[in-house]
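[1] Sharing a model that was predicted from the sequence below.
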Amino acid sequence: MELSQVYALVQPGLSEVEATFTRLVDSHEEFPEMQKMLRQVLVGGKVMRPTLTLLSGLFYDYDLKILQPMAAATELMHIATLVHDDAIDSADRRRGHPTINAVWGVDLAILVGDFLFARAGELAAHTGNIRVVGMFSQTLGVIARGEVKQALASFKLDQSFEQYIERVAAKTAALFTLSTVSGGVLSHAPEKSIQILHDYGYNLGIAFQIVDDILDFVGNAKDVGKPVGADLAQGTVTLPAQKLLQRYPNDNPLIAIARKENLANNIQKVIEMVRNSDIIDECYKLAEDYCCRACSDLVKLPDKPATEALRALADYVVKRNK
């Protein structure tokens, strides 16, 4: 199944998510500056998370009036985290556009992110499902806790693979899991199916972030949405960097980066060392393993086009820019 066919299965829901964002922007007509900031972050970008929510709802009682607000909530939460990330990282551009903090400053960017989180919570509440609202709040807590741990670990090289996966789970897999599980819950899926959707979302999220971390070394700014080497510049030790450090524990430019010495030059050295090794292939292999785990129990769900769509999304994740 092609990616266009995956999106076609849930296109009415995705169109309504986009319309929800348009209404949010239009509702601030009396506040032009806020309207400009919202338009800056709510236009364009990917639709992975709302697609996961809508696809997960297709297996049982598909009610778009209930599923759509949650699909919009997952994407709005994601966008809010990006606004905060850009402010914390002093990033100038995201998805080819200037960031909120680059144009309006860090303080306003943090407040806009807070506003988006609040609106996302309001959308989740529109489902009328207390379990889903609770999951939304829990996920927000997991993401925030993960960001704090990542900030405290910046420029520290003594991090284990388990710590990396824990960080990735909080950063990306938590929101993927919220997307799939909420779709199952809102469509009245049985608990065994909800667990399958949970495991799919979690493992797909891990794979997605591993590939994102790979692209920080081998991608380009246009495709990745941020400058190549951005994670290294922030002192974030991702999987490719971990593997490079394991191979060269002593003579390694990562050590100089940890000391914040000649960052630009040493970041370029690390990127070249990783590109000239088989580390990227190893990381892709791990991402593929997590995608296999994600899809391992899909056969136990009802035999519907959504099953093949979820497999196609997993296939897409590990083929991005490969």
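    Looks like it arrived, so ask away.
[2] ranges for the strands of the stretch 151-300 of the chain?
    Shown for the stretch 151-300 of the chain, no strands are assigned by DSSP state E, counting those that start in this stretch.
[3] Pull the number of nearby residues for Arg93.
    Residues lying near Arg93 (other C-beta atoms under 10 Å) number 14. In short, each C-beta sits where N, CA and C put it, glycine included.
[4] Need phi/psi at it.
    Backbone torsions of Arg93, given as degrees, to the nearest 10, read phi -140, psi 150.
[5] Pairing partners for it in the sheet, please.
    Beta-bridge pairing for Arg93 (DSSP bridges): Pro98.
[6] Surely Leu175 touches Ile79?
    No: the criterion here is C-beta atoms under 8 Å, and Leu175 misses it with Ile79 at 11.0 Å.
[7] okay, and the helix or strand of the chain with the least pLDDT?
    Ranking every helix and strand in the chain by mean pLDDT, DSSP states H and E puts helix 221-224 at the bottom, with a mean of 60.
[8] Can you tell me how far Ala125 is from Asp114?
    Remark: distance between Ala125 and Asp114 (C-beta to C-beta, to the nearest Å) = 17 Å.
[9] Between the two, which is the more surrounded one?
    Counted by other C-beta under 10 Å, Ala125 and Asp114 do not tie: Ala125 has more neighbours, with 16 against 13.
[10] what about the closest residue to that one other than its chain neighbours, helix or strand, and which?
    Closest residue in space to Ala125, ignoring its immediate chain neighbours: Val133 at 5.6 Å, by C-beta to C-beta, 6 or more residues apart in numbering. Assigned by DSSP states H and E, Val133 falls within helix 130-152.
[11] Kindly export that helix (C-alpha atoms) in PDB.
    What follows is helix 130-152 as a C-alpha-only set of coordinates in PDB (Å, rounded to 0.1, in the frame of the first residue of the first chain):
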ATOM      1  CA  ILE A 130     -12.500  10.400  30.700                       C
ATOM      2  CA  ARG A 131     -10.000   7.600  30.000                       C
ATOM      3  CA  VAL A 132      -8.700   9.400  26.900                       C
ATOM      4  CA  VAL A 133      -8.500  12.700  28.800                       C
ATOM      5  CA  GLY A 134      -6.500  11.000  31.500                       C
ATOM      6  CA  MET A 135      -4.200   9.500  28.900                       C
ATOM      7  CA  PHE A 136      -3.700  12.900  27.400                       C
ATOM      8  CA  SER A 137      -2.600  14.400  30.700                       C
ATOM      9  CA  GLN A 138      -0.300  11.500  31.500                       C
ATOM     10  CA  THR A 139       1.400  11.700  28.100                       C
ATOM     11  CA  LEU A 140       2.000  15.400  28.600                       C
ATOM     12  CA  GLY A 141       3.600  14.600  31.900                       C
ATOM     13  CA  VAL A 142       5.800  11.900  30.400                       C
ATOM     14  CA  ILE A 143       7.000  14.200  27.600                       C
ATOM     15  CA  ALA A 144       7.800  17.100  30.000                       C
ATOM     16  CA  ARG A 145       9.700  14.800  32.300                       C
ATOM     17  CA  GLY A 146      11.600  13.400  29.400                       C
ATOM     18  CA  GLU A 147      12.600  16.800  28.200                       C
ATOM     19  CA  VAL A 148      13.800  17.700  31.700                       C
ATOM     20  CA  LYS A 149      16.000  14.500  31.800                       C
ATOM     21  CA  GLN A 150      17.300  15.300  28.300                       C
ATOM     22  CA  ALA A 151      18.200  18.800  29.300                       C
ATOM     23  CA  LEU A 152      20.100  17.600  32.400                       C
END
